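**Student:** Got a predicted model here, sequence first, then my questions.
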Amino acid sequence: MSSQVPSQEDPAIVLGSDPPPHTPAIVLGIETSCDETAAAVVSGPSDVLSSVISSQVDLHARYGGVVPEIASRAHVELLTPVVAQAVIEAGLSDHEVEAVAATAGPGLIGSLLVGVSAAKSLALVWDVPFVAVNHLEAHLYSSFLEEPDLELPVVVLLVSGGHTLLVLMEAFGRYRLIGQTLDDAAGEAFDKVARFMDLGYPGGPVIDRLAMDGNPEAVAFPRPMYDDGYDFSFSGLKTAVVNHVRNNPDLDVADISASFQEAVVDVLVHKARKAAEEYGARGLCLAGGVAANSSLRERLLDACVAAGISGFLPSRSMCTDNAAMVAAAGWQRLQLDGPSPLDTGADPNLALPFILSGEPAA
Ligand code: KG4
Ligand code: ZN
């Protein structure tokens, strides 16, 4: 008996292939997992027709981090106009949207509920399928939206404010978790170090900017777990920076920024390159907000050249939270699993789906 839905072990769907005729092609994606209210329309696996992002960063900046209650209220206010703009910019009318995908987790529960409830309502009103999307899986698709011909398998270094993961993407819907942070995420370390130095929120872009005028060798901060497998740990590094600044209050903030950034980037690039080589990846991709970091981008590309593999860095707007990646992941999920039941809830701790264990097939 044949099935049109490929099994996890034998996924027949590859990016770039045309969707089967019975499956929806035009997907509205909705992203509200943290502090970006975003909606996008994507046709097929990678044709972005519109992508609208309304950032709440100014609302949270004065608190030094995202305030969950403020975030969910802002999503309620912003989502309807953001969705309307995405549909209009795509040049479509409502009845041309063929499926609605929304991030169902991980993320802030109140924020997730706004997007999931809105997506289900729209799916019901328009009589189209609803698809629940994992936010981490969505990040994995960001490179493919800009480079649809990337060859698998690829290693994705997903570095954001909430996550630091090394994932081997063997096929669409088939992922192997290579490593992850044991404590703070890379972006969280940037944010906490910046907060300690009174540099504002979010800290990553400020440290990135300051580091350009600093000496990365000014302070030899630790490179945690550098040669210790594929997991990461940034909490000790953050503490080392805080202690160093306390003991040396007159040090140049640009030098501290450059030295801290250099330590983070050294570890990320070293492990990502090693993983790509050991797992036989054809390429190495960056994803997540920290992927906007200029030093990380430059050093990762250098490492790819040295390793003889292709490197792909999505544009900065595709690295940070957006809904085009949600729509793209939703399209893939529709091919693999079909629509999600309308009683699917939001899950703040949702894990990356279809993680395989053990060594990859030779
Ligand atoms: O993916 P993202 O937009 O949101 C989630 O956390 O899901 O990532 C935000 C994180 C923040 O921690 C921010 O400080 C960091 O990405 N970030 C950067 C840079 N731009 C944003 N970190 C280092 N360098 C940057 N240029
Ligand atoms: Zn994210």
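**Tutor:** Structure received. Ligands and ions are numbered 1, 2, ... in the order given.
**Student:** Which stretches in the stretch 201-350 of the chain count as strands?
**Tutor:** Using DSSP state E, counting those that start in this stretch, the strands of the stretch 201-350 of the chain run over residues 283-287, 310-312.
**Student:** Stretch 245-262: which residues count as buried?
**Tutor:** 245, 253, 254, 255, 256, 257, 258, 259, 260, 261, 262 (16 or more other C-beta atoms under 10 Å). Bear in mind the C-beta positions are built from the backbone N, C-alpha and C, glycine included.
**Student:** for the strands of the stretch 201-350 of the chain, which one ends up most surrounded?
**Tutor:** Of the strands of the stretch 201-350 of the chain, the one with the most neighbours on average (mean count of other C-beta atoms under 10 Å) is strand 283-287, at a mean of 26.
**Student:** quick one: pLDDT of the residue nearest to residue 257 when sequence neighbours are not counted?
**Tutor:** Once flanking residues are discounted, residue 257 sits nearest to residue 210: 4.0 Å by C-beta to C-beta, 6 or more residues apart in numbering. The per-residue pLDDT reported for residue 210 equals 98.
**Student:** and what of residue 251?
**Tutor:** Confidence score, pLDDT, at residue 251: 89.
**Student:** returning to what we had before: just the ones of the buried residues of stretch 245-262 in helices?
**Tutor:** Judged by DSSP state H, the buried residues of stretch 245-262 include 245, 253, 254, 255, 256, 257, 258, 259, 260, 261, 262 as members of helices.
**Student:** residues contacting the last one?
**Tutor:** Contacts here follow C-beta atoms under 8 Å, 6 or more residues apart in numbering; on that basis residue 262 touches 211, 216, 217, 221, 295.
**Student:** just the first one next, same as before
**Tutor:** For residue 245, the contact set (C-beta under 8 Å, 6+ apart) comprises 196, 197, 251, 256.
**Student:** Just the local confidence number for it, please.
**Tutor:** 95.
**Student:** burial measure for the residue in the stretch 201-350 of the chain positioned nearest to ligand 2, as a count.
**Tutor:** Proximity of the stretch 201-350 of the chain to ligand 2 (C-beta to the ion) peaks at residue 321, 4.4 Å away. Using other C-beta atoms under 10 Å, residue 321 has 27 neighbouring residues.
**Student:** Also the one 10 residues further on?
**Tutor:** Residue crowding around residue 331 was assessed by other C-beta under 10 Å; the count is 32.
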